[in-house]
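Would you be able to build a 3D model of this:
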Amino acid sequence: MAQRILNMTPQEMTGLTKDELISAIAGNEGRMLASETIGITVPLLTDVTNAEFAASMGADLILLNMFDVQEPKIMALPKVEKTETVREVKRLTGRLVGINLEPVDDAAASENAQTMWAMSAGRYATVENAVLAQRMGVDMIVLTGNPGNGVSNEAITSSLRAISNEIGDKIVLAAGKMHAAGVIGEGGEHIITREDIRQFAEAGADVILMPAPGTVPGITTEYIRSLVSYAHSLGKLTITAIGTSQEGADTDTVKRIAIECKMTGTDIHHIGDSGYVGMALPENIMAYSVAIRGIRHTYHRMAQSLAR
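Numbering: from 1, shown residues only. Got it, this is the predicted structure:
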């Protein structure tokens with residue numbers, strides 16, 4: 001019987017090949033939780049990284065947002081060589097680690113120039129940055145867009161194809177958006193369509209990202225269910241994402257979104273990084289985990305020693 005994420009020890013999780021990881025996610029039957037965190041803001045616990053905090057609440061995968069692979073910075077992380085930053089996160093958390101890379105429209109992104117969302121060289125979805133991420137120990141690269149950065153599905157497809165051609169056999173590649181990302185005309189059901197999924201799949205995506213039902217206006221459980229089924233028919237995994245600050249909603253709302261996502265048939269559940277700023281409300285990470293896999297598996301993930 002193939003290993004599944006649900007039963008893996010920290011050391012087993014952090015040493016998987018691409019094919020082993022895809023198999024372990026598929027075998028998990030919709031019970032994998034990814035928690036997005038930001039490292040360049042002050043951590044919620046000041047001297048504990050948001051990645052560690054999210055892991056302690058039950059997350060299986062830590063998705064580093066706004067992570068610059070050329071000049072990596074995670075506040076509260078012990079000082080290590082730049083190239084060892086991701087491996088240090090994995091050592092401290094015992095979790096899989098992914099990062100976001102963005103094929104941005106520079107003209108649109110210029111509006112973010114004076115904000116915390118301002119782009120830096122190591123966050124662009126280039127082949128150079130993707131190769132560097134893979135060498136740093138990243139398990140999954142997600143090609144997506146932060147608010148207002150003007151990331152279109154066409155741009156995602158173009159970057160995805162180039163990156164897949166270079167390292168697609170070495171690392172899991174995910175593609176899609178959890179909101180419009182500043183592109184007029186790509187809101188609601190236009191955020192992702194069957195045609196977008198087909199193009200992402202042909203360009204080399206292993207995982208298709210889409211908004212969680214109830215997070216974006218007009219995105220229903222039925223619509224996402226149809227897209228998940230289509231992605232699966234193409235042999236691809238899916239991740240449904242809360243990217244609309246509802247990771248900071250009350251726990252009842254988060255649990256409802258979790259069950260709606262479970263009903264779509266998705267493989268990975270994502271909870272965003274803006275409960276306040278930097279990560280979801282910690283109680284919502286745990287509530288999401290309990291909703292999709294119960295107390296037993298949640299406590300098991302939370303309690304298991306990193307030495308195992």
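
Now do stretch 197-205, average pLDDT.
Here stretch 197-205 scores 98 as its mean pLDDT.

where in the stretch 1-150 of the chain is pLDDT low?
Applying pLDDT under 70 to the stretch 1-150 of the chain flags residues 1-2, 108-110.

what about the strands in it?
32-38, 61-65, 96-101, 140-143 (DSSP state E, counting those that start in this stretch).

is it possible to export the ones you listed to CSV including mean neighbour count?
Bear in mind the C-beta positions are built from the backbone N, C-alpha and C, glycine included. Output for the strands of the stretch 1-150 of the chain, formatted as CSV (neighbours: other Cβ atoms under 10 Å):
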stretch, mean neighbour count
strand 32-38, 26
strand 61-65, 27
strand 96-101, 25
strand 140-143, 27
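
These: which one's closest to residue 288?
strand 32-38 (6.1 Å; Cβ to Cβ).

roughly how far is the closest one from the heart of the chain?
6 Å (Cα atoms, centre = their mean, to the nearest Å).

Outside of it itself, list whatever touches it.
Contact partners of strand 32-38, identified using Cβ atoms under 8 Å, 6 or more residues apart in numbering, comprise 5-6, 25, 49-51, 54-55, 57-66, 98, 100, 239, 243, 267-273, 277-280, 285, 288-289, 292.

Now that we have those, which of them are buried?
Among these, those scoring as buried are 5-6, 25, 49-51, 54-55, 57-66, 98, 100, 239, 243, 267-273, 278-280, 285, 288-289, 292 (criterion: 16 or more other Cβ atoms under 10 Å).

List the buried residues for the helix or strand where residue 294 lies?
In this assignment (DSSP states H and E), residue 294 forms part of helix 282-303. Under the neighbour-count criterion of 16+ other Cβ under 10 Å, helix 282-303 has 282, 284-293, 297-298, 301 buried.

Please name every helix or strand in contact with it.
Secondary-structure packing of helix 282-303 (3 or more Cβ pairs under 8 Å, 6 or more residues apart in numbering; DSSP states H and E): strand 32-38, helix 50-56, helix 251-264, strand 268-271.

what angle separates it from strand 32-38?
Put simply, helix 282-303 runs at 120 degrees to strand 32-38, going by axes from the mean of the first three to the mean of the last three Cα atoms, to 10 degrees.

now helix 282-303: how far from the chain's centre is it?
For helix 282-303, the distance to the chain centre is 18 Å (Cα atoms, centre = their mean).

what is the mean pLDDT for that helix?
Helix 282-303 shows a mean pLDDT of 98.

between it and helix 251-264, how many degrees?
Using the same axes, to 10 degrees: helix 282-303 against helix 251-264 is 60 degrees.

Now tell me what touches helix 282-303 from outside.
6, 30-31, 33, 35, 44, 53-54, 56-60, 247-249, 251, 254-255, 257-259, 261-262, 269, 271, 275, 279.

repeat that for 6 Å
The contact list for helix 282-303, computed with Cβ atoms under 6 Å, 6 or more residues apart in numbering, reads 6, 31, 33, 35, 54, 57-59, 247, 251, 254-255, 258-259, 262, 269, 271.

what do you get for stretch 130-146?
Contacts made with stretch 130-146 from outside it, assessed by Cβ under 6 Å, 6+ apart, are listed as 69, 83, 86-87, 96-102, 117, 125, 151, 156, 159-160, 163, 167, 170-175, 177, 181.
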